[in-house]
Structure formats: C-alpha cells, structure tokens
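**Student:** sequence? don't have it. structure:
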C-alpha cells in the first residue's frame, strides 16, 4: 500500500500543477528572487482593475492567462508559483480525483490546517501599487490513514514552502513542518470533502456573470474533469488504476507521463468549450 500511495501522490501532484496552470489567473509583470530569509521570491502582479475595466467576460482569455515561462524558467520556481496560496484549492477541487486514486487503499482521509514552520522558501505577492502581501497564511493538506494503519500527509501545495515531495509520513511532517505553538481551533481538522462543499456553497452566492463566478465555474468544471479524464485514460489504455500503481518503475513513469498529458489535453478542451456572456 505504501508504494501505491507514493505513486498515487506523484500523479496527483502533477495533476494539481496541470489544473493550476490551465486555470492560471495571475498576470505577473516582474519576478524578483532574493536570498533574504532563505529563498524569497517576489511576484509582482498587474493592475487587474485596469485590465478588467470593461467588467465583461467574453472569452477564456479574460479569465485565465498563459503561465509566464519567460519570467519563471526554472521548474521548481514554476511549481512554487503554481502552488502559491493554492492549498485550499488543491484540497477542494482535487476531491473527486483524490478519492478515485486513493479509494482502494485509504481507510480515512481528513483535511488538516496548520501554521507551517521551517519554510525553505517564501513567495510574496506584490500589488501593482507596490503593497506587499505580508499576511501569515495557514497551510492546508490531507492526512491519509491507509488500510494497514500507516498515516501520511498528502501536501499538494508544499512547493510554495520549498517542499516538493507530495507524500510524507505524518509523524515526520508533524515534527518538522508544523508549528505546534499555533492552534487554529476546532476547524483545524475536518472531514474530507469539507472544502469542496464550502467552495460550491460560495459559488451559489456569487454572481455567475462576474470574474469570480466564472473562475469558480472553470475551477469546479475542470476539477471534476480530473477524475473523469483519469477514468477515461484507464479505460482507453485498458489498464486498471490499481495495476498501474504497481507497474515496474520504467513502465510506471512512462504511463504516468502519458496520463498527465492526456488529462491536461482534456482540461484544455473543456476550458476552450466554456461559454461566456455576450459583450
């Protein structure tokens, strides 16, 4: 089961990055890397109010933007930016596909919020006005208990803190990466699916013709698509998921790459098929 979990974690991590990149909603004008306090990256954002002055959504390009590879050519930096402030999204929108990948091996899954410590890197957003976002955000991940009793953390947004491996034994994660002096209260641990329910509830309260409303729609639609596309891949390739996770290393890597690529293509098609209000 341990091998299956680590391999499922690898695939799910890649799918998080695919989902984030396909739904990338930031326009960065400049990126600065400084050694202060470790590896610190300042990401400067555009004036969105000016960019969206019409207030109308007429095309996909009004909502999501190409990832700025020219500003961020390094893979680790790219992963960190894709994970920036995305831990809630990763846990929420990934719900269905996580359930699909872990359904056969997990005894329980919970959503856990902590104050992180021992950050290896730091990302700081800078508004077009020069104002720096200095808020200390909580960090959210999944705690998984396998059917054999072993407990692990699945952290899909750890890259923003300088941790790039998605799976870590719970005891090690708690000892090295959780600030136990900060208590987040009764809602620090919640049932799996809580954040997805909250996000869908928020969707119902927002005007569907606004930027936030459309972004919610795209995130939700492509989040559901992650599971559907993964299931379709297994069916077309005639390769059950449980068998794939136990393949020899070389074949597994080849299949993983193919799956992630095909899921990405499916999400892109779904995004391009989205319909928007007339100007």
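**Tutor:** It's in. Treat the numbers as computed from the prediction; the structure is a model and nothing was measured. Residues are numbered from 1 along each chain as shown.

**Student:** just the strands in the stretch 1-150 of the chain please.
**Tutor:** Along the stretch 1-150 of the chain, the stretches classed as strands by DSSP state E, counting those that start in this stretch are 28-34, 39-45, 106-114, 121-126, 139-146.

**Student:** which stretches of the stretch 1-150 of the chain have low pLDDT?
**Tutor:** For the stretch 1-150 of the chain, the stretches with pLDDT under 70 are 36-38, 49-61.

**Student:** circling back: just the strands of the stretch 1-150 of the chain: most buried one?
**Tutor:** Greatest average neighbour count among the strands of the stretch 1-150 of the chain goes to strand 139-146 (a mean of 21), per mean count of other C-beta atoms under 10 Å. All C-beta spots, glycine's among them, are computed from the backbone N, C-alpha and C.

**Student:** Give me the number of neighbouring residues for residue 104.
**Tutor:** By the criterion of other C-beta atoms under 10 Å, residue 104 has 14 neighbours.

**Student:** From residue 191, how far off is it?
**Tutor:** Distance of residue 104 to residue 191, given as C-beta to C-beta, to the nearest Å: 20 Å.

**Student:** again with residue 26
**Tutor:** 31 Å.

**Student:** spatially speaking, which residue is in the middle of this structure?
**Tutor:** With distances taken as C-alpha atoms, centre = their mean, the residue of the chain nearest its centroid is residue 90 (3.4 Å).

**Student:** Without its sequence neighbours, what residue ends up closest to that one?
**Tutor:** residue 156 (3.9 Å; C-beta to C-beta, 6 or more residues apart in numbering).

**Student:** secondary structure class for that neighbour?
**Tutor:** Recorded secondary structure, residue 156: coil (DSSP: H, G, I helix; E, B strand; the rest coil).
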